[in-house]
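K.L.:
Okay, predicted coordinates and the sequence, questions at the end:
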Amino acid sequence: MKTRNAIKLLFFSIGMMVVFSSSIVALAQSGSPPTITDDQVNAIAKELYCPVCENVPLDVCGTQACEQWRELIRQKLAEGWSSVQIKQYFVDQYGYRVLATPPARGFNWLIYVIPPLSILAGGFILYRALRSWKTSQMVNKHQGDNSLLNKKDDYLTRIEEELKQR
Amino acid sequence: MENRKSESHTSFSKKKTIWGRIFVWGALIIFLILLALGLLRTQKGPVGVGDKTPNFTLTTFDGEQISLSSLKGKVVLINFWASWCTPCEQEAAELEMAWQSYQGSGKVIFLGVDYVDTEPEAQAYLQKYNISYPNGPDLGTRISQAFRIRGVPETYILDQNGIIQFVQIGPFRSSSQIQSVIDSFLQP
């Protein structure tokens, strides 16, 4: 009888432990906010620039303002915001200047259009310059050959004339 | 016939070259003008004493909208600050003390413009120093760009006509310093 009771007690306590531990896990899953890693924060932060620290991306900026911004990103991620939503929030708060890649709108188009156009124009100018340089070289060479031929012709005619005279 | 053809071909290619040159030079001139305008804007420096202030609307943390143009006839103190700015903390209590002395008069208004800040920290800062005059974030950094501020704290005091009469770069030392400046504009 004693053994039976002991076994019952053992099963009961195991059962209680299982119920208790599973309820703790469930509580932990529902209660605590999701852990946001530094990498997740920095993935967004590296695409942002704080106006206070010009030319320093947010992920490597060490000022207090930047720390606050990174903390804000962490909070927004924990609230379930997407990367696009967070960046839009920063744009709304601080303007487009915070973005590492400005949107191709208005005068911003110039940033995307001018460099490739300049490279194309430079290539074209170089091509034209090389072609004109090559052509002028060929013309010079041709002229040089002609003058040599003319010189030779003069020489030949003089020989012929002298031969005729004899 | 052949000559005519070659002549027309030559004049066409000449025209093409001329238009090409006009296009390239035009684009270059436009680019240089834009560059010059940009440089001119950045080289202008901050607004100073005697300048008319650009109009702006501040949306306070409480959601109230305050337009600068609606404050004509009052002496306006505009203070740029941020919660991460240590020197701002030095003058926060002094500003509040000065504000307390003018609050009931209706002749003076203080506006706090929170520059490049995060709202929870900004709210905590306002609470910490019991700041009661209207404060709001500089959304899109439009106000600070209009004033071309160099940093924080910076304070601009405007007379009743909206003309800047005093600029303080860095923190005020005391509330009496703030009051002495404002009082000089209140005297008839």
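P.N.:
Arrived safely.
K.L.:
Around chain B, which positions in chain A sit nearby?
P.N.:
Within chain A, the positions adjacent to chain B are A:50-52, A:63-65, A:68-69, A:71-72, A:92-95, A:97, A:107, A:110, A:114, A:117, A:121 by CB under 8 Å from any CB of the partner chain. All C-beta spots, glycine's among them, are computed from the backbone N, C-alpha and C.
K.L.:
Just the buried ones from the residues you listed?
P.N.:
Among the residues of chain A next to chain B, those classed as buried by 16 or more other CB atoms under 10 Å in any protein chain shown are A:50, A:52, A:65, A:68-69, A:72, A:93-95.
K.L.:
would TSV of the residues you listed with pLDDT and distance to B:Phe56 be doable?
P.N.:
Formatted as TSV, these follow (pLDDT from 0 to 100; distance: CB to CB, whole Å):
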residue	pLDDT	distance to B:Phe56
A:Cys50	89	22
A:Val52	85	20
A:Ala65	91	22
A:Gln68	93	24
A:Trp69	94	24
A:Leu72	94	24
A:Gln93	91	16
A:Tyr94	91	16
A:Gly95	89	14
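K.L.:
Secondary structure added to the residues you listed, as JSON lines?
P.N.:
Converted to JSON lines, those look like this (DSSP: H, G, I helix; E, B strand; the rest coil):
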{"residue": "A:Cys50", "secondary structure": "coil"}
{"residue": "A:Val52", "secondary structure": "coil"}
{"residue": "A:Ala65", "secondary structure": "helix"}
{"residue": "A:Gln68", "secondary structure": "helix"}
{"residue": "A:Trp69", "secondary structure": "helix"}
{"residue": "A:Leu72", "secondary structure": "helix"}
{"residue": "A:Gln93", "secondary structure": "helix"}
{"residue": "A:Tyr94", "secondary structure": "helix"}
{"residue": "A:Gly95", "secondary structure": "coil"}
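K.L.:
in chain A, what spans have low per-residue confidence?
P.N.:
Within chain A, the ranges that satisfy pLDDT under 70 run A:1-4, A:6, A:9-13, A:15-33, A:145, A:147-152.
K.L.:
Now the residue nearest in space to the middle of it. Its backbone dihedrals?
P.N.:
Geometric centre of chain A, nearest residue: A:Thr101, 8.2 Å, by CA atoms, centre = their mean. Note on A:Thr101: its backbone torsions stand at phi -120, psi 100 [degrees, to the nearest 10].
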